[in-house]
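> Give me a model of this one.
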Amino acid sequence: MSDQDIISRRLPGGEGIHVVTLNRPDRLNALTRGTVARLNGVLDGLAADASCRAVILTGAGRGFCSGQDLQAANERNRGGASGVVEKLHWQEQFAGMGARLRAMPQVVIAAVNGPAVGAGMALALTADIRMASPQARFLVAAVRIGLTGGESGLSYLLPRQIGASRAFDILLTGRPIEAEEAERIGLVRSVSAPEALLDDAIAHARAILANSPYSIAHTKKLMWENLDASSYQAALAAENRTQILGTMTRDYAEATAAFTEKRPPRFEGS
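Residues are numbered from 1 along each chain as shown. Below is the predicted model:
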């Protein structure tokens with residue numbers, strides 16, 4: 001499937017890996033309202049597709065995503081075309097991109113190939129795993145244009161991923177996080193050469209998909225839920241329920257049989 005500004009393609013091989021590319025390279029993949037609506041539609045379709053098991057999100061050209069297209073926003077502001085109700089609606093649509101990535105059962109890998117700014121940074125942070133090229137840089141832009149550093153979930157996500165002290169520094173100053181620092185503080189899993197980034201992300205997705213669909217989807221769900229668990233006991237209770245349900249799947253029986261027979265398991269997703 002392809003739109004002008006969003007390209008979604010399924011990789012050959014039958015593994016169920018989809019690459020979603022933000023495709024406005026002349027604007028560093030800045031987000032217009034139309035782009036956001038189309039991306040949300042693509043993500044909704046992939047989330048409902050049982051044959052899709054992993055999503056890799058990246059950008060075309062030199063950028064990952066430079067956030068809201070300020071040129072388009074300025075034209076709307078000068079024209080007085082948007083009232084508060086309409087603005088709130090679109091703010092929720094922008095925030096809904098990351099919410100979709102987090103909620104979908106598929107593992108999501110952000111291949112951050114260049115600047116990830118504002119809502120673009122939030123998109124990367126709501127992926128389950130981030131991989132970067134040396135050209136990647138993460139930037140909270142809104143605090144520099146009279147708004148706040150809390151945008152599309154950034155004030156929630158960043159302190160959980162790198163700690164409150166570092167997050168305060170970055171959100172209040174708006175300073176960029178370069179690729180080397182992002183790897184050092186654990187914001188990204190790894191830094192790859194630009195020409196190898198997408199291939200490395202695909203290889204990592206394949207390593208994950210060697211596990212059963214139940215294992216991947218429910219580990220992802222547990223991780224996100226237990227970041228907000230009210231207590232250690234609540235986290236244990238969620239884990240216990242999920243583990244017992246897992247023991248009732250055919251894939252678990254296949255995995256234990258494969259272990260005793262010293263062969264790779266053949267998972268069917270049931």
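
> Next up, the contacts around the nearest residue to Asn113 once chain neighbours are set aside.
The shortest distance from Asn113 to any non-neighbouring residue, by C-beta to C-beta, 6 or more residues apart in numbering, is to Ser133 (5.1 Å). Heads up, the C-betas are built off the backbone N, CA and C, glycines and all. Contacts here follow C-beta atoms under 8 Å, 6 or more residues apart in numbering; on that basis Ser133 touches Val112, Asn113, Gly114, Ala179, Val191, Ser192, Ala193, Pro194, Leu197.

> Just send those back as TSV, with distance to Pro264, pLDDT and secondary structure too.
Listed next are these as TSV, based on distance: C-beta to C-beta, whole Å; pLDDT from 0 to 100; DSSP: H, G, I helix; E, B strand; the rest coil:
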residue	distance to Pro264	pLDDT	secondary structure
Val112	32	98	strand
Asn113	33	98	coil
Gly114	37	98	coil
Ala179	35	98	helix
Val191	31	98	strand
Ser192	27	98	coil
Ala193	31	98	coil
Pro194	33	97	helix
Leu197	28	98	helix
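
> now that we have those, which one has the most neighbours?
Comparing the contacts of Ser133 by number of neighbours (other C-beta atoms under 10 Å), Val112 comes first, having 33 neighbours.

> Isn't that residue up against Leu139?
No - in this structure, Val112 is not within contact of Leu139 by C-beta atoms under 8 Å, at 11.7 Å.

> Quick check: neighbours shared by the two?
Common neighbours of Val112 and Leu139, using C-beta under 8 Å, 6+ apart, do not exist here.

> one step back: and the contacts of Ser133, which is closest to Gly153?
Lowest distance from Gly153 to the contacts of Ser133 (C-beta to C-beta) belongs to Val112, with 16.5 Å.

> Val85 versus the closest one, what's the distance?
Separation of Val112 from Val85 (C-beta to C-beta, to the nearest Å): 34 Å.

> Check Gln71 too.
Plainly put, Gln71 is 23 Å away from Val85 if you go by C-beta to C-beta.

> Also Gln68?
On the measure of C-beta to C-beta, Gln68 and Val85 end up 18 Å apart.

> and what of Thr256?
To Val85, Thr256 is 56 Å away according to C-beta to C-beta.

> Buried ones in the longest helix along the chain, by neighbour count?
Identified as the longest helix of the chain according to DSSP state H is helix 84-103. By neighbour count on 16 or more other C-beta atoms under 10 Å, the buried set for helix 84-103 is Trp90, Phe94, Ala95, Gly96, Met97, Gly98, Arg100, Leu101, Arg102.

> Tell me where the stretch 101-250 of the chain has helices.
119-126, 154-162, 164-173, 179-184, 197-209, 213-226, 232-247, 250-260 (DSSP state H, counting those that start in this stretch).

> can you tell me which of these comes nearest to Ile56?
Closest to Ile56 of those is helix 197-209 (C-beta to C-beta; 5.0 Å).

> Just the buried positions in that closest one, please.
Buried-residue list, helix 197-209, by 16+ other C-beta under 10 Å: Leu197, Leu198, Asp200, Ala201, Ile202, His204, Ala205, Ile208, Leu209.

> cool, stretch 161-175 as well?
Of all the residues in stretch 161-175, those buried under the rule 16+ other C-beta under 10 Å are Gln161, Ile162, Arg166, Ala167, Ile170, Leu171.

> Domain ranges for this structure, per the record?
Domain assignment for the chain by automatic domain parsing gives 6-209, 213-260.

> and of those domains, who's closest to Phe267?
Taking C-beta to C-beta, domain 213-260 is the member of the domains of the chain nearest to Phe267, at 4.8 Å.

> Tell me the span between the first and last residue of the closest one.
The first and final residues of domain 213-260 sit 21 Å from each other (C-alpha to C-alpha, to the nearest Å).

> show me the contacts for Gly16.
With the criterion set at C-beta under 8 Å, 6+ apart, Gly16 makes contact with Arg10, Ser51, Cys52, Arg53, Ala54, Leu209.

> buried ones in stretch 45-61?
In stretch 45-61, the ones that count as buried by 16+ other C-beta under 10 Å are Leu46, Cys52, Arg53, Ala54, Val55, Ile56, Leu57, Thr58, Gly59, Ala60, Gly61.

> ok, those vs Val143, which is closest?
The closest of the buried residues of stretch 45-61 to Val143 turns out to be Gly59 (C-beta to C-beta; 22.4 Å).
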